[in-house]
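Peer 1: Requesting a structural model of the entry that follows:
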Amino acid sequence: ATRAIVRRASSSIPRSEKIASSSSSSSLPGLSRYPKRQGLYDPAQEKDSCGVGMVANLKGKPSHEIVRDANTMLVRMAHRGGCGCEPNSGDGAGILTGMPDGFLRRAVREDLGVDLPAAGTFGAGNVFFPRDKAAVAECKRLVEGVVAAHSGLELIGWRPVPVDNSALGPTSLESEPVSEQLLVAAKGGLGGPQLNRELWRLRIAAEKAVHAEPSFDDFYVCSLTNSTLVYKGQLTPEQVWGYFEDLQQPDYASHLALVHSRFSTNTFPSWARAQPFRSLCHNGEINTLRGNKNMMTSREAALASPHFDAATLSATYPITGDHMSDSGNFDAVAELLMHGGERQIHEAVMMMVPEAWQKNPRLSEERRAFYEYHAALMEPWDGPAMMSFTDGRYVGACLDRNGLRPSRYYVTHDERVLLSSEVGVLVDE
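Peer 2: Numbers count the residues shown, from 1 in each chain. Alright, predicted model coming up:
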């Protein structure tokens, strides 16, 4: 069953936790590159303010209705996103779903002529490539070399992601990537969290191998897990459904979905910086970002993992960097806490975004102890921020201790949880 964790805050209502079972030649910035620091612009200050939504079935029952409803949420929050001087070139929008196993089996069989292994024993993720055909081939060769060097994984293949770019504006078209789906199988009985740890390592190693060639900076892996799949881009919210033809298929079913409409605050939009990221969506800003990144860099030498030796763990460094937005850095640290350690996604987020716990008389002793203990391990990533997150099993949301990016959630009689930055984006019958 899916588990939903939602934390809320306001000036009059104490926080509570609800847990229910359940390479471009353009003169514009590329997919993942920022312009150099100049004048008042500093790439280290990239921040997002956006609209966020979540739909999930608490019994873990997948359906196409969940995906459609999530898209409805996204479209109805279009005003919370940004666009360029052309209204059909967006700041970014996307959707994260659970792994659509039935759809993927059919699509891979039809497109590649192969049968996928058992659910949970393979990983899939959408990948952005530079538009040059030779660059795509070389990037694939480098990624395949990393997969071949991994003793626990083997390549299934690459599936082209069908897209329709007829509605995109000139700015989005100018930087549009080639999108393909990477499919990787586990060897030796790997599955569940263990497989996701290895896929996390594989993704980081592949990105480093490809980015060693500066002209391949536009290479980007949207996600790579055995439990979730991300479709996103430099789109408006209204364009996501029409652009990604996979989402329109009736057998594309999921038990959960997160959506995000990006407003890039005084920053540059791009395909890579659209959200959702690999495990979360973020509305707001991380205003302690420089300190958070400095602290993560300083503690890298002292980190230890129960799953990886020192050399293997250090291969995933640096954890944070100026090439990512504030949301991207937050997502990278949350991934480290999950895959490098043994924390669940909600534990990692509560550790990074604590509520105002010191003088809250309504807080249970258990939660007070949790926050007090983790305050010695991790400084808060302060916003204002609203986070919605998932690992494919748990879905959740929270506000930071400032409580200035409100959202509302409902748990319905038909065992669904609905959450968004605004009320009224989805009418639940």
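Peer 1: gap between the residue nearest to residue 377 when sequence neighbours are not counted and residue 291?
Peer 2: Of all residues not flanking residue 377 in the chain, residue 351 sits nearest, at 7.1 Å (Cβ to Cβ, 6 or more residues apart in numbering). Every residue, glycine included, has its C-beta placed from N, CA and C. For residue 351, the distance to residue 291 equals 16 Å [Cβ to Cβ, to the nearest Å].
Peer 1: swap in residue 73?
Peer 2: 34 Å.
Peer 1: out of the two, which sits in the more crowded spot?
Peer 2: residue 73 (27 against 14; other Cβ atoms under 10 Å).
Peer 1: Show me which positions of the helix or strand where the more buried one lies end up buried.
Peer 2: Per DSSP states H and E, residue 73 falls inside helix 64-76. Buried residues in helix 64-76, counted by 16 or more other Cβ atoms under 10 Å: 64, 66-76.
Peer 1: Tell me which residues are up against that helix.
Peer 2: Contacts to helix 64-76, defined as Cβ atoms under 8 Å, 6 or more residues apart in numbering, come from residues 51, 53-57, 93, 95, 97, 237-238, 240-241, 247, 249-261, 420, 422, 424-426.
Peer 1: can you check stretch 344-355 too?
Peer 2: 5, 7, 9, 15, 279-280, 330, 333-334, 337-338, 343, 363, 370-371, 374-375, 377-378, 380-381, 383, 385, 387, 389-391, 394, 396, 398-401.
Peer 1: Selecting buried members of those residues in PyMOL, what would you type?
Peer 2: Here is the PyMOL selection string for the buried members of those, based on 16+ other Cβ under 10 Å:
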select buried, resi 5+7+9+15+279+280+330+333+334+337+338+343+363+370+371+374+378+380+381+383+385+387+389+390+391+394+396+398+399+400+401
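Peer 1: Which ones among the contacts of stretch 344-355 lie within helices?
Peer 2: Cross-referencing those against helices under DSSP state H gives 330, 333-334, 370-371, 374-375.
Peer 1: quick one: residue 118 is in a strand?
Peer 2: No - according to DSSP: H, G, I helix; E, B strand; the rest coil, the state of residue 118 is coil, so it is not within a strand.
Peer 1: Roughly how far does it sit from residue 188?
Peer 2: Distance, residue 118 to residue 188, using Cβ to Cβ: 14 Å.
Peer 1: so the residue nearest to residue 377 sits in a helix?
Peer 2: Yes - counting by three-state DSSP, one finds residue 351 located in a helix.
Peer 1: how many other residues sit next to it?
Peer 2: For residue 351, the neighbour count with other Cβ under 10 Å is 21.
Peer 1: show me what contacts residue 150?
Peer 2: 198, 201-202, 205.
Peer 1: now those residues as TSV including neighbour count, distance to residue 159 and pLDDT?
Peer 2: Below are those laid out as TSV (neighbours: other Cβ atoms under 10 Å; distance: Cβ to Cβ, whole Å; pLDDT from 0 to 100):
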residue	neighbour count	distance to residue 159	pLDDT
198	22	21	97
201	22	22	97
202	23	17	98
205	18	21	98
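Peer 1: can you redo these as CSV with distance to residue 131 and secondary structure?
Peer 2: CSV is the format used below for those (distance: Cβ to Cβ, whole Å; DSSP: H, G, I helix; E, B strand; the rest coil):
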residue, distance to residue 131, secondary structure
198, 30, helix
201, 28, helix
202, 24, helix
205, 24, helix
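Peer 1: quick one: stretch 277-292 to chain centroid distance?
Peer 2: Between the centre of stretch 277-292 and the centre of its host chain there is 12 Å, according to Cα atoms, centre = their mean, to the nearest Å.
Peer 1: which parts of that stretch are buried?
Peer 2: Applying a neighbour-count criterion of 16+ other Cβ under 10 Å, one finds 277-289, 292 buried in stretch 277-292.
Peer 1: Just name the closest of the residues you listed to residue 87, please.
Peer 2: In terms of Cβ to Cβ, no member of the buried residues of stretch 277-292 lies closer to residue 87 than residue 283, at 21.8 Å.
Peer 1: what residues does the strand or helix carrying that closest one touch?
Peer 2: Assigned by DSSP H and E, residue 283 belongs to strand 280-284. With Cβ under 8 Å, 6+ apart as the test, strand 280-284 has contacts from 48-52, 54, 96, 258-260, 275, 326-327, 330-331, 334, 349, 383-390, 400, 404-405, 407, 421.
Peer 1: Buried ones among the residues you listed?
Peer 2: Neighbour counting with 16+ other Cβ under 10 Å marks 48-52, 54, 96, 258-260, 275, 326-327, 330-331, 334, 349, 383-390, 400, 405, 407, 421 as buried within the contacts of strand 280-284.
Peer 1: Just say helix, strand or coil for the residue nearest to the spatial centre of the chain.
Peer 2: The structure's the chain has its C-alpha centroid closest to residue 277; by Cα atoms, centre = their mean the separation is 1.9 Å. What three-state DSSP gives for residue 277 is coil.
Peer 1: what's near enough to touch the closest residue to it other than its chain neighbours?
Peer 2: For residue 277, ignoring the flanking residues on the chain, the nearest one in space by Cβ to Cβ, 6+ apart is residue 331 at 3.9 Å. Contacts for residue 331 (Cβ under 8 Å, 6+ apart) come out as 277-280, 282.
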